[in-house]
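Trainee: fold the following and give me the result.
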Amino acid sequence: MSAIAYLNFDGIAEQVIEFYSEALHANEVKKVKFKDFPQDPNYPLPENELTMIMESSMEFAGGKIMMSDLLPSMKMVTGELVKGNNVLISLVIDDKQKLEEYFNNLSVGGNVLMPLSNTPWSSCFGMLVDKFGVSWKFNSDANKFLDKVISDKR
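Mentor: Below is the predicted model of the structure:
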């Protein structure tokens with residue numbers, strides 16, 4: 001299990017990744033764009049959103065951060081992105097039972113933005129804001145997804 005700082009951006013994540021990876025001497029950078037995974041034909045993304053970063057990770061100095069762009073269509077769920085609310089905690093846990101337990105515990109008195117569910121990028125993914133206003137992202141297999149999409153592109 002790992003708890004990872006997760007940063008959201010408003011269409012500039014790729015620029016941020018380039019800057020941080022150089023500034024922090026990242027030893028491994030992974031990134032996936034929305035166009036890199038199959039689109040739902042019932043909900044096609046606009047062309048400008050397909051080139052945005054869906055998920056990325058950067059390893060440096062023994063640590064890791066993750067980043068993505070917040071799609072304009074997601075702002076209805078998460079609210080407008082402003083400096084200060086673009087940081088959340090991402091729990092990446094392969095044990096789905098433990099992931100569900102943490103999700104349920106942290107959702108008490110909070111606001112579930114997306115219940116735990118199977119998505120194209122994770123077999124168990126969800127988001128919430130706890131009762132203290134801290135945003136959380138839950139993912140059972142984020143690293144496997146990033147590795148698979150990147151290897152499929154090669």
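
Trainee: neighbours around Asp94, how many?
Mentor: Using other Cβ atoms under 10 Å, Asp94 has 14 other residues around it. C-beta: built from backbone N, CA, C; applies to glycine.

Trainee: mind listing what the residue nearest to it when sequence neighbours are not counted touches?
Mentor: In this structure, Asp94 finds its nearest non-sequential neighbour in Ser140, 5.9 Å apart by Cβ to Cβ, 6 or more residues apart in numbering. By Cβ atoms under 8 Å, 6 or more residues apart in numbering, Ser140 lies in contact with Val92, Ile93, Asp94, Asp95, Lys96, Leu99, Ser122, Ser123, Cys124, Phe125.

Trainee: so where is the chain shaky, pLDDT-wise?
Mentor: Along the chain, the parts satisfying pLDDT under 70 run over 1, 75-85, 142-150, 153-154.

Trainee: and Ile89, helix, strand or coil?
Mentor: Three-state call for Ile89 (DSSP: H, G, I helix; E, B strand; the rest coil): strand.

Trainee: could you measure the residue sitting nearest the centre point of the chain against Met127, distance?
Mentor: Per Cα atoms, centre = their mean, the C-alpha nearest to the average position across the chain is that of Glu55, at 5.3 Å. Distance of Glu55 to Met127, computed by Cβ to Cβ, to the nearest Å: 13 Å.

Trainee: same question for Asp152.
Mentor: Applying Cβ to Cβ, the value for Asp152 to Met127 is 25 Å.

Trainee: more neighbours: which of the two?
Mentor: A count of neighbours by other Cβ under 10 Å puts Met127 above the other of Asp152 and Met127, at 21 against 10.

Trainee: quick check: that one is in a strand.
Mentor: Yes - according to three-state DSSP, Met127 belongs to a strand.

Trainee: show me what it is bridged to.
Mentor: Beta-bridge partners recorded for Met127 (DSSP bridges): Met114, Lys137.

Trainee: at which residues are the helices of the chain located?
Mentor: Using DSSP state H, the helices of the chain run over 13-23, 47-50, 75-78, 96-107, 142-153.

Trainee: number of residues surrounding the nearest residue to Thr51 once chain neighbours are set aside?
Mentor: In this structure, Thr51 finds its nearest non-sequential neighbour in Lys33, 5.9 Å apart by Cβ to Cβ, 6+ apart. Using other Cβ under 10 Å, Lys33 is surrounded by 20 other residues.

Trainee: which ones are touching Lys33?
Mentor: By Cβ under 8 Å, 6+ apart, the residues touching Lys33 are Leu50, Thr51, Met52, Ile53, Met54.
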